[in-house]
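# Below are the sequence and a predicted model; questions follow.
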Amino acid sequence: MNRLQLLIYLFCGLSLTLSAQDPQKSSYKIACIGFYNFENLFDTLDTEGKRDEDFTPKGKLAYSAQVYAEKLSNLSHVVSELGTEYTPDGPALLGVSEIENRSVLEDFVKQPKIKNRDYQIVHYESPDKRGIDVGLLYHPKYFNVLSSGKITPKLFYDKKEKEGTDRDSVWTRDMLWVKGKLDGDLVYVIVCHWPSRRGGSYLREGAAKFCKNYIRQIQEDNPSARIIIMGDLNDDPVSPSVKNVIMAKGNKDQVKKMGFYNPWMSFYKKGFGTLAYRDSWNLFDQILISQSLLEKNEESYYFYKNSIFNKSYLISKGGRFKGYPFRTYSFGTYIGGYSDHLPVCIYLIKKI
């Protein structure tokens, strides 16, 4: 994508309608499901065992209480608007990544612009050496948790398991799974932040296999289970982890029973994305859905549309990252942005 195409994309907005129904003109309930990479939402404390020294007042980023407060305020402003085009309550479920601990999420949900939603938190500490985790926020008006846990990928740099040693192991983020009722519908949600691109594609493929194995366990008991995979996959829709391991299809007609649909494939092929690097876009932030969520019926939620939330205030207007998502820091200097990723969401509808 060249610079002109980039600017056209950024300021025109993007949404993809995949259904003939208009829930705003018909008798449908609408549920927004979102994901947002919070880009290093740390507290200001130096926590033993975590590489969080930079994110302290005396660290090289001068990450002060004021910076932390502004970061929380900025992120909450985004979430306060996410999904409100179709539902005033915003996301019923919001997966998040790059958060240090439960404490930062507790501070986040208390922010004035979203505190009336009473978001509840599902979070488990991960072994990631940077100290970042994933989490799920849920609106109790729409969702109640039945059970939850985590999936811990056992990955190795040399592609081979070495019994009796973790010398070459990769301590990446755990994946979070949550089983619950979305307005009465049983759903499973898996929140991911797969290994970075520095470690090689096979690490993300390895993480995807752990995710796939967990999904198989669910589907063995219930082939029609409604499953949502969301996260910063550090891969595009065409990457092996997504296309070959999860086997997510970009064409609904190709999705078989117990398969997965990737509504972001067409976005990616048109050059749209959620983060930018060297004047091109990647679409790492994705929400994948099981085939059962494509089935239209009178009793349960099913897929309506998806969108990248790309309001103009989320885009840098100048500097070295002009035209990119407006991040918090630029080469170590605080610039007061939001995140280096754009949030994404899908909409599910159910007839009243």
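Noted; the coordinates are in hand.
# hey, C-alpha coordinates of stretch 277-290 in PDB?
What follows is the C-alpha trace of stretch 277-290 in PDB, where atoms were taken according to Å, rounded to 0.1, in the frame of the first residue of the first chain:
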ATOM      1  CA  TYR A 277       5.600  -1.000   9.600                       C
ATOM      2  CA  ARG A 278       7.700   0.500   6.900                       C
ATOM      3  CA  ASP A 279       4.700   2.100   5.100                       C
ATOM      4  CA  SER A 280       2.800  -1.200   4.900                       C
ATOM      5  CA  TRP A 281       0.100  -2.700   7.000                       C
ATOM      6  CA  ASN A 282      -0.200  -5.900   8.900                       C
ATOM      7  CA  LEU A 283      -3.400  -7.300  10.300                       C
ATOM      8  CA  PHE A 284      -2.200  -9.100  13.400                       C
ATOM      9  CA  ASP A 285      -5.300  -8.300  15.500                       C
ATOM     10  CA  GLN A 286      -8.000 -10.800  14.600                       C
ATOM     11  CA  ILE A 287     -11.200 -12.300  15.900                       C
ATOM     12  CA  LEU A 288     -11.900 -15.800  14.400                       C
ATOM     13  CA  ILE A 289     -15.200 -17.600  14.900                       C
ATOM     14  CA  SER A 290     -16.400 -21.200  14.700                       C
END
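# what about residue 257, distance to residue 76?
When CB to CB, to the nearest Å is applied, the distance between residue 257 and residue 76 equals 40 Å. All C-beta atoms are positioned from the backbone trio N, CA, C, and that covers glycine.
# So the closest residue to residue 118 other than its chain neighbours, which state does it fall into?
The shortest distance from residue 118 to any non-neighbouring residue, by CB to CB, 6 or more residues apart in numbering, is to residue 140 (5.9 Å). Under the three-state scheme (DSSP: H, G, I helix; E, B strand; the rest coil), residue 140 adopts coil.
# so residue 140 touches residue 109, yeah?
No: under the contact definition of CB atoms under 8 Å, residue 140 does not touch residue 109, with a separation of 11.3 Å.
# before we move on, the earlier item: and residue 257 and residue 76? Which one has more around it.
residue 76 (19 against 10; other CB atoms under 10 Å).
# Can you give me the distance of the more buried one to residue 296?
Relative to residue 296, residue 76 is positioned 35 Å away (criterion: CB to CB).
# what's the closest residue to residue 226 other than its chain neighbours sitting at in phi/psi?
Across the structure, with CB to CB, 6+ apart as the measure, the residue nearest residue 226 apart from its sequence neighbours is residue 187 (4.6 Å). When quoted as degrees, to the nearest 10, the phi and psi of residue 187 stand at phi -140, psi 150.
# OK, contacts around residue 187?
Contacts for residue 187 (CB atoms under 8 Å, 6 or more residues apart in numbering) come out as 179, 180, 181, 226, 227, 228.
# count of neighbours near the fifth one?
Counted with other CB under 10 Å, the neighbours of residue 227 add up to 22.
# Doesn't it belong to a strand?
Yes: looking at residue 227 with three-state DSSP, it is inside a strand.
# wait, isn't it in contact with residue 217?
No: the criterion here is CB under 8 Å, and residue 227 misses it with residue 217 at 11.1 Å.
# List only those of the contacts of residue 187 flagged as buried.
Neighbour counting with 16 or more other CB atoms under 10 Å marks 180, 226, 227, 228 as buried within the contacts of residue 187.
# Columns distance to residue 67 and pLDDT on top of those residues, output as a markdown table?
A markdown table is the format used below for those (distance: CB to CB, whole Å; pLDDT from 0 to 100):
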| residue | distance to residue 67 | pLDDT |
| --- | --- | --- |
| 180 | 34 | 98 |
| 226 | 40 | 98 |
| 227 | 37 | 98 |
| 228 | 33 | 99 |
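# how about these, which pair is most distant?
Of all pairs drawn from those, the greatest distance, 12.1 Å, lies between 180 and 227 (CB to CB).
# what sits in contact with each of these two?
Counting by CB under 8 Å, 6+ apart, the common neighbours of residue 180 and residue 227 are 187, 189.
# and residue 111, how many neighbours does it have?
Residues contacting residue 111 under the criterion other CB under 10 Å number 18.
# ok, for it, nearest residue in space, not its chain neighbours?
The shortest distance from residue 111 to any residue that is not its chain neighbour, by CB to CB, 6+ apart, is 3.5 Å, and that residue is residue 76.
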